[in-house]
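1. Pasted the sequence and its predicted model underneath.
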Amino acid sequence: MASCSYIPLELPLAAGLPGKRLFFTTSPSGSADSLLPRDSCPYSRALMRKYEPFDIQAIAGSCDAMRRAYDAVRYWDLARHVLYVDVPRTEDDGSVGYFAHVLRQTAADIGAAHPGREIGEESLGLACEAMNMMRAAVSKAAASMERGALPSSLVSKATLDVNELMSDISRWGDGWNRDEGFTIEARDGLAGAAAAKIDRLIAGGASVHGIRPCGCGHRRARLQGHTPG
């Protein structure tokens, strides 16, 4: 599980592990006030919860609040495996090289947390392809929103649904032998499931907005209570 987009989900996927970004819709268990100051950012406070023993919690050091969250998760033993992913503060060649080193170390740490899940180059390449295909699917929903054919609430829902899809292997990876790393079958299964979900969402959103395909394949507005003049 990754705290933000600075941590590429390609890494756990390439290791044969499900992964997702942490979006919180419920309050943390217990009182976060005893773990982090009350004026800490809501997201860092939401991280204050007990995680499952098999979870790998990766926290990006993108700001001071997230660094304190990392310290608290470790100190209070909220996660068995918690990784700190440092984020450079500048944009230059040195920073790019440094961040590449950080991500390589993160990949090694994932393998250490789950022996036998070392990240191979081929698996990583396929995981990158899968994630790019999923981003293209979500971008398709965003483009529909920009055209006024899909409400923003549905695009947000699509993002959350696709994120949850990644961690639910039963919905896309039944044929995936994870001992082999991330395979072509896993790439196609994950990307295909995400694309199908987005396509269904766009089709349903168009109907909600009163837009339907006409016989020639173009779309036309359906005006309730009016007839063409």
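-> Thanks, I have it. Numbering: from 1, shown residues only.

2. got the domain boundaries for this structure?
-> Using automatic domain parsing, the domain parsing of the chain gives 10-113, 121-221.

3. can you map out the helices along this structure?
-> Using DSSP state H, the helices of the chain run over 10-14, 42-46, 64-75, 93-113, 121-146, 152-167, 184-208.

4. Check those for me and report the most buried one.
-> Of all those, helix 10-14 carries the top mean neighbour count, a mean of 26, counting by mean count of other Cβ atoms under 10 Å. C-beta: built from backbone N, CA, C; applies to glycine.

5. The nearest residue to Lys20 once chain neighbours are set aside: what's it in contact with?
-> Using Cβ to Cβ, 6 or more residues apart in numbering and skipping the chain neighbours, the partner closest in space to Lys20 is Ser167 (4.2 Å). Counting by Cβ atoms under 8 Å, 6 or more residues apart in numbering, Ser167 touches Met1, Pro18, Gly19, Lys20.

6. Could you check how far Ser167 is from Met1?
-> 8 Å (Cβ to Cβ, to the nearest Å).

7. list the residues that contact both of the two?
-> Listed as contacting both Ser167 and Met1 by Cβ under 8 Å, 6+ apart are Gly19, Lys20.

8. coming back round to it: please name whichever of the helices of the chain is nearest to Glu52.
-> Minimum separation from Glu52 across the helices of the chain (Cβ to Cβ) falls at helix 152-167, 11.5 Å.

9. distance between the closest one and the chain's centre?
-> Once both centres are worked out by Cα atoms, centre = their mean, to the nearest Å, helix 152-167 turns out to sit 9 Å from its chain's centre.

10. change the start of the numbering to 22 and stick with it
-> With 22 as the first residue, the last one maps to helix 173-188.

11. Report the angle between it and helix 205-229.
-> With axes from the mean of the first three to the mean of the last three Cα atoms, to 10 degrees applied, the angle from helix 173-188 to helix 205-229 works out at 160 degrees.

12. Stretch 200-215 - what's its average pLDDT?
-> Mean per-residue pLDDT for stretch 200-215: 92.

13. Residues touching that stretch, excluding its own?
-> The contact list for stretch 200-215 (Cβ under 8 Å, 6+ apart) reads 34-37, 137, 140-141, 143-145, 147-148, 150-151, 154-155, 158-159, 183, 186-187, 192-198.

14. okay, and for this protein, where does confidence drop off?
-> 46-52, 54, 227-250 (pLDDT under 70).

15. now the contacts of Ser188 in JSON lines, with distance to Pro29?
-> Compiled in JSON lines, the contacts of Ser188 are given as follows (distance: Cβ to Cβ, whole Å):
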{"residue": "Met22", "distance to Pro29": "13"}
{"residue": "Pro39", "distance to Pro29": "14"}
{"residue": "Gly40", "distance to Pro29": "9"}
{"residue": "Lys41", "distance to Pro29": "13"}
